[in-house]
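Enquirer: Please find the sequence and the predicted model below.
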Amino acid sequence: MRTRTLCGTLALGAITAGIAAAVVSAQQPLAPGVQRARENPVTMHPHDLDASFISMPLPAGQEKYGKLDGARMKTFVNEITAVSRKSRDDGELLWGRQAGTKYDDMVEGIVEARFKEWGLSNVRRQYFDLEPQWFPTAWAFRASAGSQTLTFKTIQAGRNSRPTPAGGLDLDVVWVGAGTEADFTGRDVKGKLAVLQSFPMPSVVGHQSGYNGGLLRAAQKGAAAVLINVAIPGNLLTAVGAPNGLTTFSFGTQDMAAFQELLKTGPVKVHLELSTEERRGLRDASVWGELPGTSDEDMIIMAHHDAFYEGSLDNASGMAVMMGLAEYYSKIPREQRRRTLKFVTTSGHHVGSAGTKWMHDNRSTFLAKTALMINCEHVSAIQMHWDRFGASVRKSDNIAARRWWVFGSSALARIVLNSYKMFGVTIYDDMDATTTGDMSHIDRDAPSVQLIESALYYHTSADTPDYVPNPGMAAVARAYAKVIDDVNALDRAALMPTPVARPSGR
């Protein structure tokens, strides 16, 4: 079986070599041009990307929304992600703003302090008990062939992985490609390490071997452990989950390339160790603040605060927009606010969304007079693409389009889509029913609006503040403010969706 694994690797190498040969062949006619380029060197002109992001000017009559400034919101992103970096620097293996940890509590404190600074009323933390939470305490992973042994910079235990026995596991390696049924045909992974290389579709959360069931298939076929690379160019940490609790590790694409080179030298043995603990008694909080209006109705503007790694797009960007809106409306007199605005950073998104689940469970009372809910989640990412042959990722000066959702009347949809167009919020063509994110428990309990972009670096260590363009946050915040103001001109009944007629007899 090791021979088969090596053959599979060599076959992959042959394919790669064939592609390279084809590329060289296709470039042959350009040889004279290459010579001319050497005679006349090309100047590589610099481009200041940060200063060049495409931004729509404020339309006439909408100048007041210019107070929602992307640079101001970026200060919130930086403050929030600094907590994640502290988690990393403190030596946390599962680092970031994990629900129930002191780092998550620190972010809740940031929001609470800002709400009080801006004069919001009824500022409070609503605590929820968490189910026992999985945390890694130690891991080791090394691969050996002959006299050569490799360790890997980006090795990461998959969430909810089973720990290994004391002393770890020593396993043979079986390459299973993307993990389709065809990839497993003729390959016995029972009691071995199944190695997969998946591709983002478009990110770590949505990746090839997740969609095709490759990880789960490895568990079902008796693999002792899984090693997976989601083939994003570079060498990134990735937050991959474990199928059925199977001991799982992930690593970056450069580390995978080194591992593949080792496979070429002969049979590879892997030694891996994983220790974990189950932390009980943890709790997490939604942080609320209110700006009272002049009626008994309300609007809720929300954003979740837990995150993997720095979590800049996911979801410091959404938190920054929610906080920007809270600061903006805190300066508007109460008599100009028809409805109470309730701002909340919701608890435990990655561990069950307890905050929004509570709203759903109490919808008959808590949401009985809610005219609109806006969820701020993954609001601004750089539009990027893979360079030729997947060698690198190229950033652009445009903002990635977002999936979008509206639950409500046609009048509400017109307000929302006109606001996006007015402020240059890029969106995809059709509404997506899978877009509601942390609002998924409550997306049909009251009129609701959401944007989200789960882009390439989502749930990776590359989700850093420079991945979140300021103009994108400004555009979304201004559009949401316009939605709030226009919705306040309509009665709640005019915002509710038209009931769908059911076939007779059902």
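Expert: Good, I have the coordinates.

Enquirer: check contacts around the most centrally placed residue in the chain.
Expert: The C-alpha lying nearest the average C-alpha coordinate of the chain belongs to Tyr458 (Cα atoms, centre = their mean; 3.4 Å). For Tyr458, the residues meeting the contact criterion (Cβ atoms under 8 Å, 6 or more residues apart in numbering) are Ser203, Val204, Val205, Leu313, Asp314, His378, Ala381. C-beta: built from backbone N, CA, C; applies to glycine.

Enquirer: Likewise for Gly179?
Expert: When contacts are counted by Cβ under 8 Å, 6+ apart, Gly179 touches Ala194, Leu196, Ser198, Ser209, Asn212, Gly213, Gly214, Leu215, Arg217, Ala218.

Enquirer: try it again with 6 Å
Expert: With Cβ atoms under 6 Å, 6 or more residues apart in numbering as the criterion, the residues that contact Gly179 are Leu196, Ser209, Gly214, Arg217.

Enquirer: What backbone torsions are found at Leu325?
Expert: The phi/psi pair for Leu325 (degrees, to the nearest 10) reads phi -70, psi -40.

Enquirer: From Asn488, how far out is it?
Expert: Relative to Asn488, Leu325 is positioned 14 Å away (Cβ to Cβ, to the nearest Å).

Enquirer: With neighbour numbers in mind, choose between those two.
Expert: A direct count of neighbours by other Cβ atoms under 10 Å for Leu325 and Asn488 places Leu325 higher, at 25 against 18.

Enquirer: give the contact list for the more buried one.
Expert: Shown here is Leu325, whose contacts under the criterion Cβ under 6 Å, 6+ apart are Ile301, Ala477.

Enquirer: go with 8 Å
Expert: Contacts for Leu325 were tallied using Cβ under 8 Å, 6+ apart; they are Leu68, Ile301, Phe343, Cys376, Ala477, Tyr480, Ala481, Ile484.

Enquirer: of these, closest to Asp397?
Expert: Distances from the contacts of Leu325 to Asp397 were compared by Cβ to Cβ; the smallest belongs to Ala477, at 19.9 Å.

Enquirer: and the closest one, what does it touch?
Expert: Residues touching Ala477, when contacts are defined by Cβ under 8 Å, 6+ apart, comprise Leu68, Gly70, Met73, Val321, Gly324, Leu325, Tyr328.

Enquirer: Just the ones of the contacts of Leu325 in helices?
Expert: Restricting those to those inside helices, with DSSP state H as the criterion, leaves Ala477, Tyr480, Ala481, Ile484.

Enquirer: Now distance to Ala138 and pLDDT too, for these, in a markdown table please.
Expert: Below are the ones in helices among the contacts of Leu325 laid out as a markdown table (distance: Cβ to Cβ, whole Å; pLDDT from 0 to 100):
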| residue | distance to Ala138 | pLDDT |
| --- | --- | --- |
| Ala477 | 43 | 98 |
| Tyr480 | 44 | 98 |
| Ala481 | 48 | 98 |
| Ile484 | 48 | 98 |
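
Enquirer: Would you quantify the distance from Thr460 to Asn160?
Expert: Using Cβ to Cβ, Thr460 is found at 18 Å from Asn160.

Enquirer: Looking at these two now, which is surrounded by more residues?
Expert: The neighbour count for Thr460 versus Asn160, taken as other Cβ under 10 Å, is higher for Thr460 (27 against 15).

Enquirer: I am finished for the moment; much appreciated.
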